[in-house]
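In: Show me how the following folds:
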Amino acid sequence: MNRHRLSWLPTIVIALFLASCGGEKKQAEESQAAGVEAETEVPTPKTIDEAIARGNIEAVKSFIAADPNAASSGARPGSPPLHQAILRQKSDIALLLITSGADVNAVDSSRRTPLHLCVERDLADLVAPLTEAGAKPDEKDPAGWTPLHHTGAKDRVAVAKALLENGADVNIRSELGGTPLHEAAASASAELVKILLDAGVDASIVADGGSALDIAKEFENEAAIKLLSEAK
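Out: Numbers count the residues shown, from 1 in each chain. Coordinates of the predicted model:
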């Protein structure tokens, strides 16, 4: 009889061991899940600048609701919130800041306006909202370039179109007398050169001793040479 009872012991021990292992495994999985959750928990942004950097539009809304001036003044001198949003290509946050009264003509530490940065980041979709809110399309940076000059240098076709559609002066001249066409003639695509010509740019203007055609020849921009030769 005792021998019969003892024959069940291995089975019971194994069952208890397996149950114990299962419990420990479940506990380990739960602990691991809790640890992952704790690691992925993102702290609340302390400034509007942090909220913009993280793309946290709800936090940006909260900062503006608490202080409407936050739309124009962040914690970083020389880098307004709107400039930060554009540089980080956060168009949704930039639009929120614009509609919340951000200064659309503010300049950063490099004296660039939000429209200058739209060219830098190729964000044509923000040009109309900015100009409708009062942004001046012909403001110049320290080099004497307007945003449209920069589209020529960077071959930003969509931004150039948007600027021209929203009041940019196609014949505006830099400190050295060059038009946006002079900048485009060096290296821009035929499409951008044609956009400027169709917008009425004066291809005969001479700046720093040369016309746009002279510049195109100097830089061997064949597409620009063809279009500018035909425009004469």
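In: Show me the helices in this protein, by range?
Out: 2-6, 9-40, 48-54, 57-66, 81-87, 91-99, 114-120, 127-132, 147-154, 157-165, 180-187, 190-198, 212-218, 222-231 (DSSP state H).
In: In terms of mean pLDDT, which of these ranks lowest?
Out: Among those, helix 2-6 has the lowest mean pLDDT, at a mean of 48.
In: Report the central residue of this protein.
Out: Among the residues of the chain, Q89 comes closest to the average C-alpha position under C-alpha atoms, centre = their mean, at 1.9 Å.
In: Now that one: phi and psi?
Out: When read as degrees, to the nearest 10, the backbone of Q89 gives phi 60, psi 40.
In: wait, what's in contact with it?
Out: R121, L123 (C-beta atoms under 8 Å, 6 or more residues apart in numbering). Where you see a C-beta, it was placed from the backbone N, CA and C, and this is true even at glycine.
In: And the pLDDT at A75?
Out: pLDDT, A75: 70.
In: G209 too?
Out: 86.
In: Generate a markdown table for the helices of the chain, with mean neighbour count and distance to I205 as supplementary columns.
Out: Formatted as a markdown table, those follow (neighbours: other C-beta atoms under 10 Å; distance: least, C-beta to C-beta, whole Å):
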| stretch | mean neighbour count | distance to I205 |
| --- | --- | --- |
| helix 2-6 | 7 | 108 |
| helix 9-40 | 10 | 58 |
| helix 48-54 | 21 | 40 |
| helix 57-66 | 16 | 44 |
| helix 81-87 | 26 | 31 |
| helix 91-99 | 20 | 34 |
| helix 114-120 | 25 | 21 |
| helix 127-132 | 19 | 24 |
| helix 147-154 | 26 | 13 |
| helix 157-165 | 22 | 17 |
| helix 180-187 | 27 | 8 |
| helix 190-198 | 20 | 12 |
| helix 212-218 | 21 | 7 |
| helix 222-231 | 17 | 12 |
